[in-house]
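Trainee: attaching a predicted model along with its sequence, questions to come.
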There are 2 protein chains.
Amino acid sequence: MTTSQRESLGVGLLGVGVVGSAVARALLEGRTQQTVPGSHPLVLKQAVVRNLESERPVPRDLLSDDVASVVDNPDVDIVVELMGGEEPASSSIRAALKSGKHVITANKEAIAKNGDELIALAEANGVRLLYEAAVGGGIPIIGPLSSDLLANKIQSLRAIINGTTNYILTRMTAQGEAFDDVLADAQALGYAEADPTADVDGWDAMYKIAILARLAYGASVPLDSIHREGIRPVTASDIRNAATLGYTIKLIAVARLEEGGLLVRVHPALIPNSVPMAKVDGVLNVCEIEGDLVGPLWLQGRGAGPEATASAVLGDIIRVARAPKTINPPRKLSSPPALLEMSDYECQYYLRLVAKDQPGVLAEVAGILASRSISIDSVLQMDSNPEAGTADIVLTTHPAREREVQQAVEQISAVSSIEKFASLLRIEPYGDTPA
Amino acid sequence: MTTSQRESLGVGLLGVGVVGSAVARALLEGRTQQTVPGSHPLVLKQAVVRNLESERPVPRDLLSDDVASVVDNPDVDIVVELMGGEEPASSSIRAALKSGKHVITANKEAIAKNGDELIALAEANGVRLLYEAAVGGGIPIIGPLSSDLLANKIQSLRAIINGTTNYILTRMTAQGEAFDDVLADAQALGYAEADPTADVDGWDAMYKIAILARLAYGASVPLDSIHREGIRPVTASDIRNAATLGYTIKLIAVARLEEGGLLVRVHPALIPNSVPMAKVDGVLNVCEIEGDLVGPLWLQGRGAGPEATASAVLGDIIRVARAPKTINPPRKLSSPPALLEMSDYECQYYLRLVAKDQPGVLAEVAGILASRSISIDSVLQMDSNPEAGTADIVLTTHPAREREVQQAVEQISAVSSIEKFASLLRIEPYGDTPA
């Protein structure tokens, strides 16, 4: 079939921000026809914006401020949702799928929260729901998990998938700066939002790992089953101590088959400097995938930015334009793995205590740990503060169970010679076998 | 549509070596049904082997030694070609496509040499020709270039895509061993073939970059347009000198848009130790892709091995099983970039000369380079050999044109105080702009 014989497909945009503008420009320039001869021609039919008066790269007569002008538009075959946030995005996606339109979205929150329902709705209506741009900017991750790697049983996904926190931690590591100072700077530079909660408290990374885990394990992963910690508690002192011990601190998102099931977790972790993940710096993202056939894979690139995200959105649009009748719902297993609780997790721990500078403190702490069979790997006494009469004690443990460690932390916090239990961080296990 | 309603698809195997055995086992175990519920069930119908008496993981009644029993078999919908080599593989692929069967192959030589014809034949017959396993083992590279990244104009592909040579160079680098010794060892360990020509002389890497360049640039890339050099001329001394200068030597395959067109080249190169590619060691493969929207991508994994290759073959089989009617021929541009000659390439060079240990040699060499406007970046005098009365002179140049450098090399070789012109290696440019 030649291009001239192929019917064109109408595209409707919901949201024309930086990503939407890049997508609109590409469609208006006919970029997809130039790069993929032979696919159905794509025509931008309508774009919905909140404020009709702002400057956009879309002709005025294609703009509207009414979502219905896209989702109910008979000329629109593909709805591209770029509004972000759970609502009204999820409702718009729902409406579009119900009226038989393919939906492409970059919305990690909507897909993480409502993906099970939306995926089923797309299947029921015989249309496609694609969301490569929701995770890792333009890095092909959803694509490989949805297609190339389908013969594999995935054993582990481990990723740095939030650029903002990786930028902040990289700056803190390189320059010894404090979290608040770097955050303020990142906000000024546009690398962090005015309200940084979604990024720095790990919500964004949690949405993304939930999406990846659903695809990789054919399982529903409710958000409340995911252990989530952000980077606010990580101090310049922790970063320095980690460096002394041979580690770099990163916010990681992990979905890994452990004994008994699947554990999904997002938290800052000490990464051994000898492994490549310790060197993924700045706004880069990476996803390590371990499959039983393919072995370890490493997919790295820019995790954000209008062009990189538009690359993924346009890639999904082209997928539909090349095969509008092909509906491949994601892997869904009839007996997916059980979801494990963080309290059963076992790894090495990094603990930092601010102790009164007096004899016997370490003996008492060591006694508490020993009573719970947590054995100490190393002890550093750092950052004495003679004025306050305190010193930091940094301990690393041999592999221990989260539940035991948390209980020990409670006990240690109650010791009178401990001013403050300052940090609990996990050391990410590397090597052939789980810790 | 539920699984029970879907018709099964018959699979015929051509070749049951290590990869074929892994694919056969997966099909016989029903692995694809377990990992991708809802796709067409796959049934192994026939497997062709050269020697019917060898032990195989395929029931005896499915084995045959006649290619026609697969390519002419009405029960076979998908032919999986794993024989390797140009012939009889290419003819078998041709016959299968002509009789309306989908073809999946891991055969880089057949696809590099006859891909244009075979791709057209598949399109004309309304069937699919898939070959993810031909490049980079199980790393998704063909998939992303064929689908996820289609909105991008690809600016550069740079890859380590031959595991054997990377293993040899890694050992030479780590242990200072000579090429011949490591090669013998690699052969004993099964990392190199008895006849190592395809790997060590760069043929394998050339086939692979030809395949990637065709996909990325929508262009036919005849093999004789590709500059190819292998690693035989690289000595332990070159590797030591490179280390002294801050570089690691790797065999790289590059397809990059330069001024005026596309240059495709395979050769050993000095990689700055500060970039990640210098640390891709052993049998790992990596492909760096630079797209105008997505920016730089890094796809890394095991480039070979039966399971990793089977992962890619099975991924392609599943692609067909999920959408047997979807035919998406690869990108083919009506005006693809012109193919450039190596002689116009410009980069920094590493030159090693064995000179008689006498005054004036360096002045003469420098004079020849200066007469061609090649300016010297650094000079090392190494490895004096008092008995022979010779010394190695190592020069690096500022960016210079290949043609000029080759002519200078000829002139230098003719200088009476030069015992031998020993090495010409290129320093791979990194940074935002081409050298």
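Mentor: In hand now; what should we look at?

Trainee: can we go C-alpha only for contacts and neighbour counts from here?
Mentor: OK.

Trainee: in chain A, which spans are helices?
Mentor: Taking DSSP state H, the helices of chain A run over residues A:18-29, A:31-35, A:68-71, A:89-98, A:108-124, A:142-143, A:163-175, A:179-189, A:197-200, A:203-217, A:236-245, A:306-322, A:361-371, A:402-413.

Trainee: among those, which one carries the weakest average confidence?
Mentor: Among the helices of chain A, helix A:31-35 carries the lowest mean pLDDT, at a mean of 81.

Trainee: near chain B, which residues of the stretch 301-435 of chain A?
Mentor: A:301-302, A:307-312, A:314-316, A:318-319, A:322-323, A:326, A:328, A:331-333 (Cα under 8 Å from any Cα of the partner chain).

Trainee: tell me how many other residues crowd the closest residue to chain B within the stretch 101-250 of chain A.
Mentor: For the stretch 101-250 of chain A and chain B, the shortest gap (Cα to the nearest Cα) falls at A:Asp148, measuring 4.9 Å. The tally of other residues near A:Asp148 (other Cα atoms under 10 Å in any protein chain shown) stands at 27.

Trainee: you'd agree it is up against B:Ile141?
Mentor: No: counting by Cα atoms under 8 Å, no contact exists between A:Asp148 and B:Ile141, whose distance comes to 9.4 Å.

Trainee: name the residues of the stretch 151-300 of chain A found near chain B, please.
Mentor: Checking the stretch 151-300 of chain A against chain B by Cα under 8 Å from any Cα, the hits are A:Ala151, A:Asn152, A:Lys153, A:Leu293, A:Val294, A:Gly295, A:Pro296, A:Leu297, A:Trp298, A:Leu299, A:Gln300.

Trainee: stretch A:359-379: which residues count as buried?
Mentor: Going by neighbour count (16 or more other Cα atoms under 10 Å in any protein chain shown), the buried part of stretch A:359-379 is A:Val361, A:Leu362, A:Val365, A:Ala366, A:Ile368, A:Leu369, A:Ile374, A:Ser375, A:Ile376.

Trainee: do stretch A:348-362 as well
Mentor: A:Gln348, A:Tyr349, A:Tyr350, A:Leu351, A:Arg352, A:Leu353, A:Val354, A:Ala355, A:Lys356, A:Asp357, A:Val361, A:Leu362.

Trainee: now that stretch, how far from the centre of its chain.
Mentor: With Cα atoms, centre = their mean, to the nearest Å as the basis, stretch A:348-362 stands 33 Å off its chain's centre.

Trainee: what separates the first and last residues of it, distance-wise?
Mentor: This stretch, stretch A:348-362, spans 19 Å end to end (Cα to Cα, to the nearest Å).

Trainee: can you list contacts of it?
Mentor: A:238, A:389-400, A:417-429, A:435 (Cα atoms under 8 Å, 6 or more residues apart in numbering or on different chains).

Trainee: ok, stretch A:378-390 next?
Mentor: A:Val354, A:Ala355, A:Lys356, A:Asp357, A:Ala391, A:Asp392, A:Ile393, A:Val394, A:Leu395, A:Thr396, A:Thr397, A:Glu419.

Trainee: if we use 6 Å, what do you get?
Mentor: A:Ala355, A:Lys356, A:Asp357, A:Ala391, A:Asp392, A:Ile393, A:Val394, A:Leu395, A:Thr396 (Cα atoms under 6 Å, 6 or more residues apart in numbering or on different chains).

Trainee: likewise stretch A:205-223?
Mentor: The contact list for stretch A:205-223 (Cα under 6 Å, 6+ apart) reads A:Lys108, A:Glu109, A:Ala112, A:Val135, A:Ile161, A:Asn162, A:Arg331, A:Lys332, A:Leu333, A:Pro336.

Trainee: next one: stretch A:310-330
Mentor: Contacts of stretch A:310-330 (Cα under 6 Å, 6+ apart): A:19, A:23, A:39-40, A:128, A:132-133, A:138, B:148-151, B:293-294.

Trainee: now these as a markdown table including distance to B:Ala255?
Mentor: What follows is the contacts of stretch A:310-330, written out as a markdown table (distance: Cα to Cα, whole Å):
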| residue | distance to B:Ala255 |
| --- | --- |
| A:Val19 | 29 |
| A:Val23 | 27 |
| A:Ser39 | 25 |
| A:His40 | 29 |
| A:Arg128 | 34 |
| A:Glu132 | 26 |
| A:Ala133 | 27 |
| A:Gly138 | 21 |
| B:Asp148 | 19 |
| B:Leu149 | 16 |
| B:Leu150 | 17 |
| B:Ala151 | 18 |
| B:Leu293 | 18 |
| B:Val294 | 17 |
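
Trainee: what sits closest to A:Glu369 if chain neighbours are left out?
Mentor: Glu isn't right for residue A:369; it's Leu. A:Ala408 (6.2 Å; Cα to Cα, 6 or more residues apart in numbering or on different chains).

Trainee: hmm, I typed the wrong one, I wanted A:Val18.
Mentor: In space, A:Val18 is closest to A:Pro306, 5.6 Å off (Cα to Cα, 6+ apart).

Trainee: my guess is that neighbour contacts A:Val19. True?
Mentor: Yes: contact criterion Cα atoms under 6 Å: A:Pro306 and A:Val19 qualify, at 4.5 Å.

Trainee: quick check, nearest of the buried residues of stretch A:359-379 to chain B?
Mentor: Using Cα to the nearest Cα, the buried residues of stretch A:359-379 come closest to chain B at A:Ile376, 33.4 Å.

Trainee: quick check: the closest one touching A:Ala400?
Mentor: No: judged on Cα under 6 Å, A:Ile376 makes no contact with A:Ala400 at a distance of 9.8 Å.

Trainee: just want the most central residue of chain A.
Mentor: A:Ala205 (2.9 Å; Cα atoms, centre = their mean).

Trainee: returning to what we had before: between A:Pro306 and A:Val19, which one's more packed in?
Mentor: Taking other Cα under 10 Å, A:Pro306 and A:Val19 do not tie; A:Val19 has more neighbours (22 against 18).

Trainee: list the contacts of the more buried one.
Mentor: A:Pro306, A:Ala310.

Trainee: so how far is B:Gly84 from it?
Mentor: 44 Å.

Trainee: repeat for A:Leu297
Mentor: As judged by Cα to Cα, A:Leu297 and B:Gly84 stand 25 Å apart.

Trainee: next one: A:Asn385
Mentor: 69 Å.

Trainee: same check, this time on A:Leu9
Mentor: For A:Leu9, the distance to B:Gly84 - Cα to Cα - is 41 Å.

Trainee: before we move on, back to that, quick check on the contacts of stretch A:348-362: which are buried?
Mentor: A:238, A:390-400, A:417-429.

Trainee: between the contacts of stretch A:378-390, which is nearest A:Leu28?
Mentor: A:Thr396 (56.9 Å; Cα to Cα).

Trainee: go ahead and confirm the closest one touches A:Ser375.
Mentor: No: assessed by Cα under 6 Å, A:Thr396 is found out of contact with A:Ser375, at 8.9 Å.
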